[in-house]
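Colleague: Task: produce atomic coordinates for the following.
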Amino acid sequence: MARKIHGPADLAVFCELPSAFTLPVPSPRLLGRMRDELRTCALRAGLTKAYKLTNDAWPILLGIAIDTLQGRSSSSSALCAKQAISHDLLLRYLVVLQSEGLVHTWPSDREGELKCALSAEAFDKLGALFLPQAAND
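Modeller: Below you'll find the predicted structure:
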């Protein structure tokens with residue numbers, strides 16, 4: 001049976017975040033920076049049809065981060081559509097991201113689909129990357 005995620009509190013419980021940890025209220029500036037980075041990745045990837053110029057794992061992770069910060073889980077079908085990659089390829093990247101401790105995945109209600117969210121470790125790593133930049137804006 002698939003676990004139901006109805007909002008930030010359920011997501012925090014599922015991701016096994018410490019009880020004192022609450023999902024941060026994402027600033028529009030932080031979300032904007034992440035979305036800008038995602039658009040930049042898409043632009044770089046679209047420069048040539050013969051060769052992807054970026055690693056797909058980075059925009060996948062950013063897409064999951066944006067969804068998680070907004071209190072919702074990401075679905076594998078939506079991630080595939082956003083990144084224009086096959087479900088099989090996405091699953092390979094999700095396995096790597098999960099093995100690195102960056103995302104949590106679980107079965108969706110839809111057969112063959114996964115839901116995923118950012119881990120607490122990924123919050124720390126992405127925060128260290130993006131927050132200093134956002135503070136300078």
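
Colleague: low-scoring stretches of this protein, by residue?
Modeller: For the chain, residues meeting the criterion pLDDT under 70 lie at 1-25, 41-54, 129, 131-137.

Colleague: Helices of that one, start to end?
Modeller: 8-14, 28-45, 57-69, 76-83, 87-99, 120-136 (DSSP state H).

Colleague: Would you tell me which one of those helices is buried the most?
Modeller: Neighbour counts (mean count of other Cβ atoms under 10 Å) averaged over each of the helices of the chain peak at helix 57-69, with a mean of 22. Bear in mind the C-beta positions are built from the backbone N, C-alpha and C, glycine included.

Colleague: Next, the angle helix 28-45 makes with that helix.
Modeller: Taking axes from the mean of the first three to the mean of the last three Cα atoms, to 10 degrees, one finds helix 57-69 and helix 28-45 inclined to each other by 150 degrees.

Colleague: Name the surrounding residues that touch helix 57-69.
Modeller: Contact with helix 57-69 is made by 11, 23-24, 26, 30-31, 34-35, 37-38, 41-42, 45, 73-74, 79, 82-83, 90, 93-94, 96-97, 102-103, 116-118, 122, 126, as judged by Cβ atoms under 8 Å, 6 or more residues apart in numbering.

Colleague: Could you rerun that using 7 Å?
Modeller: With contact meaning Cβ atoms under 7 Å, 6 or more residues apart in numbering, helix 57-69 is reached by 11, 26, 31, 34-35, 37-38, 41-42, 73-74, 79, 82-83, 90, 93, 96-97, 102-103, 116-118, 126.
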